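Colleague: fold the following.
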Amino acid sequence: MAAQTSVFSVLIPARMASSRLPDKPLADIEGLPMVVRVARQAQLSGARQVLVAADDPRILSACAAHGVTALLTRADHPSGSDRLAEACEQLGLADDELVVNVQGDEPLVDPALIAAVATQLAQRPDCVMSTAAHAIEQVEDFLNPNVVKVVLDRRQVALYFSRAPIAWWRDGMAAGQPSCLPSPLPLRHIGVYGYRAGFLRRFPLLEPAPLELTESLEQLRTLWHGERIAVHLATHAAAPGVDTPADLERVRTLLRKS
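Modeller: The predicted model follows:
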């Protein structure tokens, strides 16, 4: 179990609608619904409470059957952060309380990573959010627009997130696609987020940023409005999540082998 270095709650947004994998939160993974597996991983992080914020009573029933606490939220939320903002209101969390958003399709999420993201925010009172990143080791990942990159300042605060290869390696890219990576290695963003509850409640009310709409990256709204995001540097890549039926089979195979 991860050492508890800060007091935080974990909120897991879960919605039934998914174009690529219908009823995804309830997908069976070795005898347990996926969202329950996510919650059980989060419970190992040292969080003082772990709750699922769901949009469907069927998710609540599945969670209750396995001893996981869940809240019913509105079905019309446009994003997971909007859903968590409602959950913060339902729970009556104080503005300075720490919340970690763990996606409901990450059944292999590392509990130590959750704790580290919470600790990063607890240690940075100048930041309203925290997240994580790790070094990219493959040129293909550096160039892949589906791999989100982040660049940091010297205090591990995010300067920018992008689908483009950043920082741009002027010399290495001069002759076209490079065969190696620059030094220091570029960073891949890991989609686990810590929030101060007051900012999480405020976030959906902020005007969407032009950069956010261009890149399709919601976290750019925070930077555009002048707020700061602290970044934990992980030593390895995050475990695979589940977006498609193929992803689901891969995770099932990994758990069977373990």
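Colleague: what residues are up against the closest residue to Pro245 other than its chain neighbours?
Modeller: In this structure, Pro245 finds its nearest non-sequential neighbour in Leu21, 6.0 Å apart by CB to CB, 6 or more residues apart in numbering. Yep, even glycine has a C-beta here, placed from its N, CA and C like the rest. Taking CB atoms under 8 Å, 6 or more residues apart in numbering as the criterion, Leu21 is in contact with 27, 242-245, 247-248.
Colleague: nearest to Met173 among those residues?
Modeller: Proximity of the contacts of Leu21 to Met173 was ranked by CB to CB; the top entry is Asp243 with 29.3 Å.
Colleague: quick one on the thing from earlier: of the contacts of Leu21, which is the most crowded?
Modeller: For the contacts of Leu21, the largest number of neighbours (other CB atoms under 10 Å) sits with Val242, at 28 neighbours.
Colleague: give the contact list for that one.
Modeller: When contacts are counted by CB under 8 Å, 6+ apart, Val242 touches 21, 24, 27, 34, 105-107, 248, 251.
Colleague: thinking again about what came up before, closest to Ser6 out of the contacts of Leu21?
Modeller: Nearest to Ser6 among those is Val242, at 28.1 Å by CB to CB.
Colleague: nearest residue to Ala197 other than its sequence neighbours?
Modeller: Leu93 (4.0 Å).
Colleague: okay, and that neighbour sits in which element?
Modeller: Assigned by DSSP states H and E, Leu93 belongs to no helix or strand.
Colleague: try Ala175
Modeller: Taking DSSP H and E as the definition, Ala175 sits outside all helices and strands.
Colleague: and the pLDDT at it?
Modeller: In this prediction, Ala175 carries a pLDDT score of 78.
Colleague: can you show me the strands along this protein?
Modeller: 8-14, 28-29, 32-33, 49-54, 69-72, 98-101, 129-135, 149-152, 158-162, 187-196, 229-233 (DSSP state E).
Colleague: nearest to Gln219, of these?
Modeller: Of all these, it is strand 158-162 that lies closest to Gln219, at 5.6 Å by CB to CB.
Colleague: who are the packing partners of the closest one?
Modeller: With contacts defined as 3 or more CB pairs under 8 Å, 6 or more residues apart in numbering; DSSP states H and E, the packing partners of strand 158-162 are strand 149-152, helix 220-224, strand 229-233.
Colleague: what's next to that strand, contact-wise?
Modeller: Residues contacting strand 158-162 (CB under 8 Å, 6+ apart): 131, 148-153, 166, 189, 215, 217, 219-220, 223, 228-231.
Colleague: mind checking how far it is from the chain centre?
Modeller: Averaged C-alpha coordinates place strand 158-162 at 15 Å from its chain's average position (CA atoms, centre = their mean, to the nearest Å).
Colleague: partner strands of that strand, parallel or antiparallel?
Modeller: Strands that pair with strand 158-162, judged by DSSP bridges, come out as strand 149-152 (antiparallel).
Colleague: need the per-residue pLDDT for the spatially most central residue of the chain.
Modeller: The centroid of the chain falls nearest to Val192 when counting by CA atoms, centre = their mean (2.5 Å). Reading off the per-residue confidence, Val192 sits at a pLDDT of 96.
Colleague: which non-adjacent residue is nearest it?
Modeller: With sequence-adjacent residues excluded and distances taken as CB to CB, 6+ apart, Val192 is closest to Val117, at 5.2 Å.
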